[in-house]
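K.L.:
predicted model and sequence below, questions to follow.
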Amino acid sequence: MAHDEQHTDKTPAEIADRIWELADDLDFCMFSTWDGEHLQSRPLSSRVFRDQHAIYFLVSAGGDKNSQIESYPEVNLSYADLKGMDFVSIAGKAEVSNDRAKIAELWSDFDKAWWDDANDPDIRVITVTPERGELWDSPGRLVAFATMLTAAITGGEADFGDNGTAVL
């Protein structure tokens, strides 16, 4: 989508900034992989490091997602803030590794829900390198619904805020 086709007055750089910001703020995303026949999505907690141009996930060594990533590294991350009516989609390449230093760096007390500590040999890290993203950034739920209602009553077009894409 070219910038002039987008529904925003933001520049691609501003859209990219907002995509990174929302991904960092929202934490959980639906992490989608491809198995050669079907898409599969699951909720995962992300660690967003824009300065490293990476989004990290701690996962268990087993599981379909790891083998799917090895065969088909293209993934999609979908973030949603239903209260703010903000949505982000990030596409990129993923890699699964057993980088113990990175696992220790990313470890938090929250991870104790799945593993005893960062030294658990079952932990792997998925690194996603974002390539492109899309943003739907509304002025908030109440404004969005009021805009929708007004458009329905008047027959006008609803303006739900910014929608744009960016190379990440």
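P.N.:
It's in. Worth saying up front: this structure is predicted, and the values here are computed from it rather than measured. Numbers count the residues shown, from 1 in each chain.

K.L.:
ok, and the closest non-adjacent residue to residue 39?
P.N.:
Closest residue to residue 39 apart from its sequence neighbours, by Cβ to Cβ, 6 or more residues apart in numbering: residue 32 at 5.5 Å. (Each C-beta comes from the backbone N, C-alpha and C, glycine too.)

K.L.:
residue 98 too?
P.N.:
Leaving aside its chain neighbours, residue 98 sits nearest to residue 124 (5.8 Å; criterion: Cβ to Cβ, 6+ apart).

K.L.:
looks to me like the one you found is in a strand.
P.N.:
Yes: per DSSP: H, G, I helix; E, B strand; the rest coil, residue 124 lies within a strand segment.

K.L.:
hang on, isn't it packed against residue 56?
P.N.:
No: the pair residue 124 / residue 56 is not scored as a contact, 10.7 Å apart, by Cβ atoms under 8 Å.

K.L.:
and residue 11, how many neighbours?
P.N.:
By the criterion of other Cβ atoms under 10 Å, residue 11 has 12 neighbours.

K.L.:
so what does the most centrally placed residue in the chain look like in phi/psi?
P.N.:
For the chain, residue 77 is the residue whose C-alpha lies nearest the centre (Cα atoms, centre = their mean; 3.6 Å). Main-chain torsions, residue 77, degrees, to the nearest 10: phi -120, psi 120.

K.L.:
can you offset everything so residue one is 54?
P.N.:
In the new count, where the first residue is 54, that last one comes out as residue 130.

K.L.:
touching, it and residue 101? I think so.
P.N.:
No: Residue 130 is beyond contact range of residue 101, at 9.7 Å (criterion: Cβ under 8 Å).

K.L.:
hey, what's in contact with both of the two?
P.N.:
76, 108 (Cβ atoms under 8 Å, 6 or more residues apart in numbering).
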